[in-house]
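Asker: With the input below, show me the fold.
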Amino acid sequence: MCAQVLQERGRSVRDIATEQGVDESTVRYRLQRLRAQAADGRQDKPEACNHYAAIIESWMERQTTAPGRPESVRTLYDLLVCHHGFTGGYKSVLRYVRRRKPPPLVRPVRRVETRPGLQAQVDWVQSRPLIIGGMPSSVRIDNLKIGVAQSAGPWAVLHPGYASYAKQLGFIIDPCRVRTPQDKGKVERRGHDVKHVMVRGGERFATIAGLQSAMDQRILDQSNRLLCPVTGTTIHAAWRQDRAALAALSMTLPEPFDVQVSRRVGRDCLVAFEGRQYSLPYHHVGASVDVRGCVRTVEIYRRGDCIARFPRYTDCGF
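Answerer: Numbering: from 1, shown residues only. Okay, the predicted model is just below:
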């Protein structure tokens, strides 16, 4: 319509195309369609989502009745792809939903993306441990008791044992705010996928190994399909870049411990722990040290370095 009005006012097709930033053939084609009053044939084409109308209608119904913030259309798209074999694009699902739902309320958010190797997000999912093969600069965690002793988020008082462990390995603990899962939205979303999207309704697996194998393959397929906004590559390719940017792990990882206490080294160069006395070099007299009770040993740390190691649960008092 804009091109038609400009042409009626004496503007040439070339000027209109230059002003609108399109090709001259596009302007001529549109003007010709307006003069012929031709109908747009795209309106008569069936939508790619028509076959999944019942599933999408059910999903939209749940969004109006479920408490809290509704799910995004991306969740619906993943559901259709993983559970129902949908082969269309995300945009086709988005258009289908937008034509049938009123626009959502505006909810301003701030998206934060980090560079490779800068941050790892941790969440609890009942699965096997994930080994990332390196050490990120910071680890974003929930306010679980083993990590946070008091308060939460930026004001959290870290658990001494976990803080000592992080200092020894060389990463920063960055707790989330209370009831704010979007503070670590990447891992929250992937945990949601693992629990609700990857396993299809009605599926049965004979063994845990069979379930794990199917999950591994579906997660790999999804990571090769989705794109990373920071690198522009697939999520899987971005993950490989992220691993290369991680700091190297130390040659020996800290031994697991069930208790850690802070003690001051006495003038006799001894520290007390579990009813026993442990001796340290004299230059540690008066210093504050962390004493860890490990499986078979007692380890004593100062400023993140192990300065002594003794057998645990012996009959000796010293």
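Asker: Format the CA atom coordinates belonging to the lengthiest helix in the chain as CSV.
Answerer: Scanning the chain for the helix with the most residues, using DSSP state H, yields helix 208-225. C-alpha atoms of helix 208-225 as CSV (Å, rounded to 0.1, in the frame of the first residue of the first chain):
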residue,chain,number,x,y,z
ILE,A,208,18.3,-48.6,33.4
ALA,A,209,21.1,-48.9,30.8
GLY,A,210,18.6,-48.8,28.0
LEU,A,211,16.9,-45.7,29.4
GLN,A,212,20.3,-43.9,29.8
SER,A,213,21.3,-44.8,26.3
ALA,A,214,18.1,-43.4,24.8
MET,A,215,18.4,-40.2,27.0
ASP,A,216,22.0,-39.7,25.9
GLN,A,217,21.1,-39.9,22.2
ARG,A,218,18.1,-37.5,22.5
ILE,A,219,20.2,-35.0,24.5
LEU,A,220,22.9,-35.2,21.8
ASP,A,221,20.3,-34.7,19.0
GLN,A,222,18.8,-31.7,20.8
SER,A,223,22.2,-30.1,21.4
ASN,A,224,23.1,-30.5,17.7
ARG,A,225,19.8,-28.9,16.8
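Asker: Tell me where the stretch 101-250 of the chain has strands.
Answerer: Here the stretch 101-250 of the chain has its strands, by DSSP state E, counting those that start in this stretch, at 119-121, 138-141, 148-150, 157-158, 172-175.
Asker: quick one: average pLDDT of the shortest one?
Answerer: When you say that, I think you mean strand 157-158. Taken as a whole, strand 157-158 has a mean pLDDT of 91.
Asker: That strand: partners in the sheet, and parallel or antiparallel?
Answerer: strand 148-150 (antiparallel) (DSSP bridges).
Asker: List of residues touching the partner strand?
Answerer: If you take Cβ atoms under 8 Å, 6 or more residues apart in numbering as the criterion, strand 148-150 is touched by Ile141, Ala156, Val157, Leu158, His159, Pro160, Pro175. C-beta coordinates here come from the backbone N, C-alpha and C atoms, glycine included.
Asker: give me phi/psi at Glu47?
Answerer: Per-residue torsions, Glu47: phi -80, psi 150 (degrees, to the nearest 10).
Asker: what about the residue nearest to it when sequence neighbours are not counted, neighbour count?
Answerer: Distances taken as Cβ to Cβ, 6 or more residues apart in numbering place Tyr96 nearest to Glu47, at 5.6 Å, with adjacent residues excluded. Neighbour count for Tyr96, taken as other Cβ atoms under 10 Å: 21.
Asker: And Asp315, its phi and psi?
Answerer: According to degrees, to the nearest 10, Asp315 has phi -80, psi -20.
Asker: er, Ser288 I mean
Answerer: phi -90, psi 130.
Asker: now the one 10 residues further on
Answerer: Dihedral angles of Val298 (phi, psi; degrees, to the nearest 10) stand at phi -110, psi 120.
Asker: Show the model's pLDDT score for it.
Answerer: Looking at Val298, its pLDDT stands at 95.
Asker: can you count the residues close to it?
Answerer: Residues near Val298, counting by other Cβ under 10 Å, number 22.
Asker: do Ile56 as well
Answerer: By the criterion of other Cβ under 10 Å, Ile56 has 19 neighbours.
Asker: please begin residue numbering at 381 from this point
Answerer: From this message on, residue numbering opens at 381, which makes the last subject Ile436.
Asker: Quick check: the gap between it and Arg475.
Answerer: From Ile436 across to Arg475, the span is 12 Å (Cβ to Cβ, to the nearest Å).
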